[in-house]
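A.B. asks: here is a sequence with its predicted model. Questions after.
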Amino acid sequence: DAPNRPPHLTAFMGWKAGMTHVVRHVEKPGSKVHNKEVVEAVTIIETPPMTVVGVVGYVNTPRGLRALTTVWATKLDSAFKRRLYKNWTASKKRAFSRYAKSVSEKGIQAQLDRIAKYCAVVRVIAHTQPHLVNSLSVKKAHIMEIQVNGGADMREKVNYAHSLLEKSVFVTDVFEKNQMIDTI
């Protein structure tokens, strides 16, 4: 975590779209291929925007992190709700309907204040939008928690996470061009 950087997300999700090859110039002194061109295989990953649907705050305990509270969005995409059901067509599709009725802006702000006051780690819950990828036959969204790093204090992280709630996040918001990243 770098407190001198502005708050930012640390992960993104995508699907493998295919593979190709690139020719690159190697600058590695001492290597046999120094100052030569090599052909390497590369993977193309399709990354449609993800939607943030929740904010989770974690407190440190002697046994590790424990979730203190979760703030959910009031409007949830049907692809996200599909993931919560085993059989979507036979269900009544009422997930989060009571939560949306009972929650108020004042209640959300109170929970965000609790996260800012007590928590050591802030993460957002985000889901993919598989309907934006034509080659996929998946209708259920994949859900993941993404840690928020950066920011001088927890309040800044919480405000950043709250500003992303119910909004789409693009891969260009998370990673920069030519940035070295790990894939799983």
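C.D. replies: Okay, I see it.

A.B. asks: tell me the pLDDT at residue 103?
C.D. replies: Per-residue pLDDT puts residue 103 at 89.

A.B. asks: okay, helices next: where are they in the chain?
C.D. replies: Along the chain, the segments classed as helices by DSSP state H run 78-83, 97-102, 105-118, 154-164, 171-174.

A.B. asks: ok, residue 56 touching residue 125?
C.D. replies: Yes - Residue 56 lies in contact with residue 125 (Cβ atoms under 8 Å); the separation is 6.4 Å. The way it works is simple: take the backbone N, C-alpha and C, and place the C-beta from them, glycine included.

A.B. asks: give me the common contacts of the two.
C.D. replies: 70, 145 (Cβ atoms under 8 Å, 6 or more residues apart in numbering).

A.B. asks: which secondary structure elements does the worst-scoring helix or strand of the chain on mean pLDDT contact?
C.D. replies: Counting by mean pLDDT, DSSP states H and E, the chain has its least confident helix or strand at helix 97-102, which shows a mean of 89. In terms of contacts (3 or more Cβ pairs under 8 Å, 6 or more residues apart in numbering; DSSP states H and E), helix 97-102 is not packed against any helix or strand.

A.B. asks: chain center to it, what's the gap?
C.D. replies: Helix 97-102 sits 24 Å away from the centroid of its parent chain (Cα atoms, centre = their mean, to the nearest Å).

A.B. asks: hang on, the earlier thing: out of the helices of the chain, which gets nearest to residue 183?
C.D. replies: Proximity to residue 183, assessed across those by Cβ to Cβ, is greatest for helix 171-174 (12.4 Å).

A.B. asks: was I right about residue 128 contacting residue 48?
C.D. replies: Yes - the pair residue 128 / residue 48 is scored as a contact, 6.9 Å apart, by Cβ under 8 Å.

A.B. asks: higher neighbour count, the two?
C.D. replies: residue 128 (27 against 17; other Cβ atoms under 10 Å).

A.B. asks: could you check how far the more buried one is from residue 37?
C.D. replies: 37 Å (Cβ to Cβ, to the nearest Å).

A.B. asks: same check on residue 122?
C.D. replies: Residue 122 is 45 Å from residue 37, by Cβ to Cβ.

A.B. asks: neighbour-wise, which of those two wins?
C.D. replies: Per other Cβ under 10 Å, whichever of residue 122 and residue 37 has more neighbours is residue 122, with 24 against 9.

A.B. asks: that one pairs with what?
C.D. replies: Beta-bridge partners for residue 122, by DSSP bridges, are residue 57.

A.B. asks: now do the contacts for it.
C.D. replies: 55-58, 115, 147-148, 154, 157-158, 161.

A.B. asks: and which of those residues is nearest to residue 101?
C.D. replies: Closest to residue 101, out of all of these and judged by Cβ to Cβ, is residue 55, at 19.7 Å.
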